[in-house]
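1. what would the 3D arrangement of this be:
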Amino acid sequence: MNDDPQAGDPLPGIPLARGEGVALWRQIAQRLERDIAGGTHPPGARLPTEAELAGQYGVNRHTVRRAMEELEGRGLVRIEQGRGSFVAEDVVDYRLGPRTRFSEIIRRQSREPGGRILRIQEMAAETGLAEQLGIRRGRPVVVVERLGLADGRPLVLGTHHFPATRFGRLPELLRQNPSITDALAACGVPDYRRRVTRITARMPSAEEAELLQQSRNRPVLVTEAINTDPEGEVVDVSTGRYAAGRAQLVVES
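-> Residues are numbered from 1 along each chain as shown. Next comes the predicted model:
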């Protein structure tokens, strides 16, 4: 039985075997899969649009859509509404434990870590944040927003809060070097540990989706964490938003 969703497609630009019992959408899916496996379309690459593929193969867009749905269901591509279709990337195992360091985690998976400071500002601590940091309400807090990259691709958007009386040099240090670990070391905290991490998921805001280069209809994994120095004093209260299509969070004891 022919399971092709259309009849009467025009002759293709890229030849397909017609009338031989293999649906056209399945042949297109097989060819795209072969191109992905062969490196023609590398991980993270944007695939041609439905209209472009339909023109290449001489079929209608419904046929192409059926092929893309098959590849998406098998985890080979991801379809983002309003942005297009992309080759699925290898998911990063982001391990959350007592000592969580972004660069170390990324390098352990043979990837190149990177980071970009998006904004630094000072604000007065509201009640909840002040309690977490162990300071009085209204005391100054340094807020740092940083984008973490793996092989040049956005992986996590982090917002960090530091007590300003202790870490007043952080803005200057981070403008020279975007590594938070290095900046804390320069401020006299050579090591710090994760006290607690809370994990949730939600849909991203428009800004988060743009920065993480994903669509708004794909969720982000959200972590809320508290880090302390060796004496147990809180140095950082942070929130991370991870691109769910590129990272899975692994909790280690």
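
2. which residues touch the nearest residue to residue 85 once chain neighbours are set aside?
-> Among residues not flanking residue 85 along the chain, residue 47 sits closest, at 4.4 Å (C-beta to C-beta, 6 or more residues apart in numbering). Every residue, glycine included, has its C-beta placed from N, CA and C. By C-beta atoms under 8 Å, 6 or more residues apart in numbering, the contact set of residue 47 is 32, 41, 53, 68, 77, 84, 85, 86, 87.

3. and the fifth one, what does it touch?
-> Residues in contact with residue 77 (C-beta under 8 Å, 6+ apart) are 32, 36, 47, 68, 71, 85, 86, 87, 88.

4. who touches stretch 29-40?
-> The contact list for stretch 29-40 (C-beta under 8 Å, 6+ apart) reads 14, 41, 47, 67, 68, 70, 71, 76, 77, 87.

5. all the helices of this protein, residue numbers only.
-> Residue ranges of the helices in the chain, as given by DSSP state H, are 24-38, 50-57, 61-73, 102-108, 127-133, 170-176, 180-186, 206-212.

6. contacts made by the last one with the rest, please.
-> Residues outside helix 206-212 that contact it (C-beta under 8 Å, 6+ apart) are 118, 147, 154, 155, 157, 204, 215, 216, 218, 220, 241, 243.

7. next step: the residues you listed restricted to strands.
-> 118, 147, 154, 155, 157, 220, 241, 243 (DSSP state E).

8. tell me the one of the residues you listed nearest residue 167?
-> Using C-beta to C-beta, the shortest approach to residue 167 within the ones in strands among the contacts of helix 206-212 belongs to residue 118, at 18.1 Å.

9. mind listing what the residue lying closest to the closest one once chain neighbours are set aside touches?
-> Leaving aside its sequence neighbours, residue 118 sits nearest to residue 145 (C-beta to C-beta, 6+ apart; 4.4 Å). Applying C-beta under 8 Å, 6+ apart, we find residue 145 in contact with 117, 118, 119, 120, 157, 158, 159, 160.
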